[in-house]
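>>> Provide a 3D model corresponding to the input given below.
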Amino acid sequence: MTFDPFPAAFELQRHWHERLVVGGLPPAIAPRTEAEGVMVQHTVAALLHAIPPGGFKLGATGRRMQAYLGIQAPIAGFMRSADIYRGHAELPFTYFLHPGVECEVAVRLAHDLPPGPCSLDQALAAVGEFCAGIEIVENRYDGAVGMPILLADQMYHAAAVIGDEGEVDWRDLDIGALRGSIAIKGGKTDEGVTTDLLGHPLNGLAWLAGSPLAAAFGGLKEGQVIMLGSVTPPVWLDGPAEVTVSFPPMPSVTLTLT
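A predicted model of the protein is given here:
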């Protein structure tokens, strides 16, 4: 029987609109494979009027994140343009469902990357901007839901803040070995290095370009933002917070949840 992605996509977007925890999906409609998860995610994007998307987030590209999630390979999710902020964002804490923040690097594409095999050099040539980023994630799952549902549901994604262009040209930096940190005002700090992201952060971009998800969306497009993954595990928040992510010498990014 041919898999119909619409019932699962409808349920996931209903949970998203109503801010409900996902406790799994009925077996009759739940995606069971990566291919079915991709189909559901693409349908969710259509229901949210997010085709083409503003970009994509990568999850589980770092060794620490893979260990934290118990996942051995990257998973990607689309991002709506309305959920991508530049430099700083001030948002209500209550808008999010069990939110956390991650210490990321991101790119904005200067050129399309068509679906299919992609080398690190090809990925590098497509990048227009490289910057620090904060991803806001939501722990919107009641227990383990499995990889196909995580894929279908954008892999925890809620929103993103990406950095402004700085005075230092990113092409003059060793972006494969940048050390970054995340700081919560009055609370936790953590740090990591971009080498942890599949050996080089743009390996994630190359992986995404060749993935079934990118193919489903017609490839990666000029102007899209790609969050390349977190160098630290997520910091889960109990209430309003001020967050700073820094990857010197690039400009820091900040987030205020009120």
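>>> Thought T61 was touching L208, still the case?
No. Distance between L208 and T61: 9.6 Å, which falls outside the contact criterion (C-beta atoms under 8 Å). Where C-beta positions appear, they are placed from N, C-alpha and C, glycine not excepted.
>>> Who has more neighbours out of these two?
A side-by-side neighbour count of L208 and T61, using other C-beta atoms under 10 Å, places T61 first with 27 against 23.
>>> now that one, nearest residue through space, not along the chain?
Once flanking residues are discounted, T61 sits nearest to G229: 3.2 Å by C-beta to C-beta, 6 or more residues apart in numbering.
>>> Could you check the pLDDT of that neighbour?
pLDDT recorded at G229 is 93.
>>> from now on call the first residue 29
Yes, from this point I'll number from 29; that puts the last item at G257.
>>> number of nearby residues for it?
G257 has 28 neighbours, counted by other C-beta under 10 Å.
>>> secondary structure class for the closest residue to W198 other than its chain neighbours?
Distances taken as C-beta to C-beta, 6+ apart place F158 nearest to W198, at 3.9 Å, with adjacent residues excluded. Three-state call for F158 (DSSP: H, G, I helix; E, B strand; the rest coil): strand.
>>> quick one: G161 and A244, what's the gap?
As defined by C-beta to C-beta, to the nearest Å, G161 lies at a distance of 24 Å from A244.
>>> So which of those two has more stuff around it?
G161 (27 against 18).
>>> My guess is V271 contacts G215. True?
No. The pair V271 and G215 does not pass the contact test of C-beta under 8 Å, sitting 9.6 Å apart.
>>> ok, these two, which is more surrounded?
V271 (23 against 12).
>>> Just the pLDDT for the more buried one.
98.
>>> what helix or strand is it on?
For V271, the host element (DSSP states H and E) is strand 269-274.
>>> Does anything pack onto that strand? Which helices or strands?
The contact analysis (3 or more C-beta pairs under 8 Å, 6 or more residues apart in numbering; DSSP states H and E) places strand 269-274 against strand 127-137, strand 155-166, strand 207-212, strand 281-285.
>>> circling back: which ones are touching the residue nearest to W198?
Contact analysis of F158 by C-beta atoms under 8 Å, 6 or more residues apart in numbering lists V133, A134, V135, W198, L201, I203, M278.
>>> and what of A211?
Counting by C-beta under 8 Å, 6+ apart, the residues that A211 touches are T217, V271, T272, V273, S274.
>>> how deep is the nearest residue to V196 once chain neighbours are set aside tucked in, by neighbour count?
Nearest residue to V196, sequence neighbours excluded (C-beta to C-beta, 6+ apart): P277, at 4.8 Å. As a burial measure, P277 scores 12 neighbours (other C-beta under 10 Å).
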